[in-house]
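>>> model this:
(one chain, ligands or ions: 2)
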Amino acid sequence: MAIERVAVLGAGSWGTTFAKVVADSGPEVVLWARRQEIASAITETRVNDGYLPGIELPANLTATSDPAKALDGADAVVLAVPSQTLRANLSAWRELLPADATLVSLSKGVELGTLKRMSEVIREVAGVDESQVAVVSGPNLAKEIAVGQPTATVIACTDHDRAVDLQHACSNSYFRPYTNTDVVGCELGGACKNVIALACGMAAGMGYGDNTMASIITRGLAETARLGAALGADPLTFAGLAGLGDLVATCASPLSRNRSFGERLGRGETLAQAQEAAHGQVAEGVKSCSSIRELAAAHGVDMPITEGVHQVCHDGLSVRALGAALLGRDRKHERQ
Ligand SMILES: NC(=O)c1ccc[n+]([C@@H]2O[C@H](COP(=O)([O-])OP(=O)(O)OC[C@H]3O[C@@H](n4cnc5c(N)ncnc54)[C@H](O)[C@@H]3O)[C@@H](O)[C@H]2O)c1
Ligand SMILES: O=P(O)(O)OC[C@H](O)CO
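Ligands and ions are numbered 1, 2, ... in the order given. Predicted coordinates:
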């Protein structure tokens, strides 16, 4: 089914940027902003100044703070709110969701408490089959895409035809989506890389260079792939855009909120100071390190970097002690 009208719920960095991507690809887009003043400002100035200053939004993108207006007649509903708020937000929107609309997750995280992936939360709250839920994940730093820098991504859905419909709705001269049916692998790649980026940021904050980064990225990918194997993901997904691609972009970029957050901790700032510097924008790994750690434990999977990041963020371990603990682990074979 051709997607002609898209609702994007969440007007932060990625929600606004993805709304622009879709609008630049052809469909009509209605962007829902939680705050009325942001919706009005977008309507009046065509700019979301708080999140994407200086970026002019296309004419086929309109904004509202009324979810019913955003969702009316939508062929696809894109959910662009922080992971830990998705359940509450979607519960409030449930009755307004058009019956056969594709429900698309942009959020990269694992829910605290339930240990569910975002597509699982969506299926549960909206009461839909897994074939109706898609995930967009890849090396997608919003600020680069908003200025039209080229990138690729993955649209994952167990229903390949639905993924292809969505692919058509967000393909343009600077955004190239690939399809994949491995929803589990794509979601785990997106959630876990935020935690590994925190670790890379910590190392950068301590003054360490590229060998350290490459070692954390590579071993971070190894532990992500171990979790994926335990949860039934396709191992090849982790070598793709939603795995290695996103991991490298996030761990290397000063634009990443997760990496920047970790860097502040590595320079000796407290969690509260790093949180304040984020200006309300979400660094998903700070919470997901705990849920991913629990998920790993429930499946008997060893994730030492994730464990260490959790201890730094929530158990008072110093960044220096984390480095020493990781280097002091039992020697092992690379494939273990
Ligand atoms: N920014 C990126 O480059 C990027 C890229 C890919 C994926 N993502 C993922 O997309 C998701 C959204 O990220 P973002 O960059 O748009 O985040 P953001 O912090 O920039 O914006 C979050 C948006 O959600 C809204 N929101 C609704 N309910 C909320 C609540 N209860 N608490 C806080 N905010 C609430 C906020 O008003 C805001 O508009 C995250 O899971 C993130 O990991 C982000
Ligand atoms: O800014 P971050 O750390 O939330 O990362 C943004 C995107 O997920 C990169 O693909």
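>>> and the chain, which residues reach ligand 2?
Proximity of the chain to ligand 2 is confined to 108, 139-141, 194, 197, 246, 249-250, 256-258, 284 under the rule Cβ under 6 Å from any ligand atom. For the C-beta atoms, the positions are set from N, CA and C on the backbone; glycine is no exception.
>>> Filtering those by proximity to ligand 1, which remain?
Contacts with ligand 1 within the residues of the chain next to ligand 2, counted by Cβ under 6 Å from any ligand atom: 108, 140-141, 284.
>>> can you pick the most crowded of the residues you listed?
K108 (31 neighbours; other Cβ atoms under 10 Å).
>>> wait, what's in contact with it?
Taking Cβ atoms under 8 Å, 6 or more residues apart in numbering, we find K108 in contact with 83, 118, 137, 187, 190-191, 193-194, 284, 288.
>>> Show the model's pLDDT score for it.
Per-residue pLDDT puts K108 at 98.
>>> Show the contacting residues for the closest residue to G50 other than its chain neighbours.
In space, and not counting its chain neighbours, G50 is closest to I38: 6.6 Å by Cβ to Cβ, 6 or more residues apart in numbering. Applying Cβ under 8 Å, 6+ apart, we find I38 in contact with 11, 48, 50, 63, 65.
>>> what's the lowest-pLDDT member of those?
The minimum pLDDT among these falls on G50, with 94.
>>> Inside strands: which ones of the ones next to ligand 1 among the residues of the chain next to ligand 2?
With strands taken from DSSP state E, there is no overlap with those.
>>> Make CSV out of the residues you listed and add distance to E95.
Below are these laid out as CSV (distance: Cβ to Cβ, whole Å):
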residue, distance to E95
K108, 27
N140, 31
L141, 35
E284, 28
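>>> List the ones among those residues that fall in helices.
When these are checked against helices (DSSP state H), there are no matches.
>>> separation between G316 and G308?
12 Å (Cβ to Cβ, to the nearest Å).
>>> ugh, wrong one, D210
With Cβ to Cβ as the criterion, D210 and G308 are 20 Å apart.
>>> dump the residue contacts of the residue lying closest to V110 once chain neighbours are set aside.
Leaving aside its sequence neighbours, V110 sits nearest to S291 (Cβ to Cβ, 6+ apart; 4.1 Å). By Cβ under 8 Å, 6+ apart, S291 lies in contact with 109-113, 115.
>>> Could I get the pLDDT score of S291?
With respect to pLDDT, S291 has a value of 98.
>>> what ranges do the strands span in the chain?
5-9, 28-32, 61-64, 76-79, 102-105, 133-137, 151-156, 175-180.
>>> Any chance of CSV for these, columns mean neighbour count and distance to L236?
Converted to CSV, the strands of the chain look like this (neighbours: other Cβ atoms under 10 Å; distance: least, Cβ to Cβ, whole Å):
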stretch, mean neighbour count, distance to L236
strand 5-9, 27, 29
strand 28-32, 26, 32
strand 61-64, 21, 35
strand 76-79, 26, 26
strand 102-105, 26, 21
strand 133-137, 27, 15
strand 151-156, 23, 12
strand 175-180, 20, 9
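>>> returning to what we had before: give me the local confidence score for the residue nearest to G50.
According to the model, I38 scores 97 on pLDDT.
>>> Ok, the one 5 residues further on next?
Listed pLDDT for T43 reads 93.
>>> I'd like the distance from it to ligand 1, if you could.
16 Å (Cβ to the nearest ligand atom, to the nearest Å).
>>> Go ahead and confirm that residue touches A63.
Yes: counting by Cβ atoms under 8 Å, T43 touches A63, with 5.4 Å between them.
>>> Next up, the contacts around whichever residue of the chain sits closest to ligand 1.
Residue nearest to ligand 1 within the chain: G12 (1.7 Å; Cβ to the nearest ligand atom). Applying Cβ under 8 Å, 6+ apart to G12 gives the contacts 51, 80-81, 281-282.
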